[in-house]
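Colleague: Give me coordinates for this.
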Amino acid sequence: MKRMNLSFVLRFLLFFSCLFGCHPNLQVDRNELKLIQDAYQSGHLTVVEAILRDRKKERGLSLEETKLFLKSLFYLNEWEDFFSEWEKTNEKPPELVLYYFKAILSSKVKREATASEMNDLLVLLPVSPEACLLYLRSNDSKITKFQKQILLAQSKQFQTYLDILQKELHSKP
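Modeller: Predicted structure coming up:
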């Protein structure tokens, strides 16, 4: 009986701690998100940026909205806002990590990537040729001979995949 009561109390505490302490999942209207995505795809970046900036003030942004917001800031070359929003963003998916390093290299804002951010980029090296290139450009004077050998081997692996992909595409009707 005591075990059942203890289990009930633990579940009760867990439920209410999440209810009051956890951030609520943002309910995003799929139709509105689709409209914003379409506007982004159509090149209406200032419209997307303005809408999402207002939404952020009202209720915060979902992960999808955050991605669109940061990408809009990136393509509008609003570097200070981009880096400010980057700092505030908790969840940083691989796509945004790549945009962050492109922003560091593209902007005239003097900015150094943290060790954590470099680790996020390193995780992408085996799966992204772009990540390899960004890593090389971010660390141009710090690459060791061993790292260079690994990156050369990785580039050969990417080339092998591209060759296989081309063969597969040519064999399809």
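Colleague: elements contacting the host helix or strand of residue 157?
Modeller: Assigned by DSSP states H and E, residue 157 belongs to helix 145-171. Here helix 145-171 touches helix 129-138, going by 3 or more CB pairs under 8 Å, 6 or more residues apart in numbering; DSSP states H and E. For glycine as for every other residue, the C-beta is placed from the backbone atoms N, C-alpha and C.
Colleague: Could you give the number of residues near residue 148?
Modeller: Other residues near residue 148 come to 11 when the count uses other CB atoms under 10 Å.
Colleague: Quick one: residues contacting it.
Modeller: Going by CB atoms under 8 Å, 6 or more residues apart in numbering, residue 148 touches no other residue.
Colleague: In this structure residue 105 contacts residue 136, no?
Modeller: No. If you go by CB atoms under 8 Å, residue 105 and residue 136 don't touch, sitting 10.7 Å apart.
Colleague: Over to the nearest residue to residue 33 once chain neighbours are set aside. Which of the three states is it?
Modeller: Leaving aside its sequence neighbours, residue 33 sits nearest to residue 64 (CB to CB, 6 or more residues apart in numbering; 6.1 Å). Under DSSP: H, G, I helix; E, B strand; the rest coil, the three-state class of residue 64 is helix.
Colleague: Likewise for residue 127?
Modeller: coil.
Colleague: element containing residue 92?
Modeller: Applying DSSP H and E, one finds residue 92 in no helix or strand.
Colleague: Next, find the distance separating it from residue 116.
Modeller: Distance, residue 92 to residue 116, by CB to CB, to the nearest Å: 10 Å.
Colleague: Residue 91 too?
Modeller: 14 Å.
Colleague: hmm, back to that, residue 92 and residue 116: which is more packed in?
Modeller: residue 92 (18 against 8).
Colleague: ok, the nearest residue to the more buried one once chain neighbours are set aside - contacts?
Modeller: Spatial nearest neighbour of residue 92, excluding adjacent residues (CB to CB, 6+ apart): residue 120 at 6.5 Å. Contacts for residue 120 (CB under 8 Å, 6+ apart) come out as 92, 94, 97.
Colleague: what sits against the residue most central in space within the chain?
Modeller: The structure's the chain has its C-alpha centroid closest to residue 96; by CA atoms, centre = their mean the separation is 2.5 Å. By CB under 8 Å, 6+ apart, the contact list for residue 96 reads 66-67, 70, 86, 89.
Colleague: mind running it again at 7 Å?
Modeller: 67, 70 (CB atoms under 7 Å, 6 or more residues apart in numbering).
Colleague: Could you do residue 53 as well?
Modeller: Contacts of residue 53 (CB under 7 Å, 6+ apart): none.
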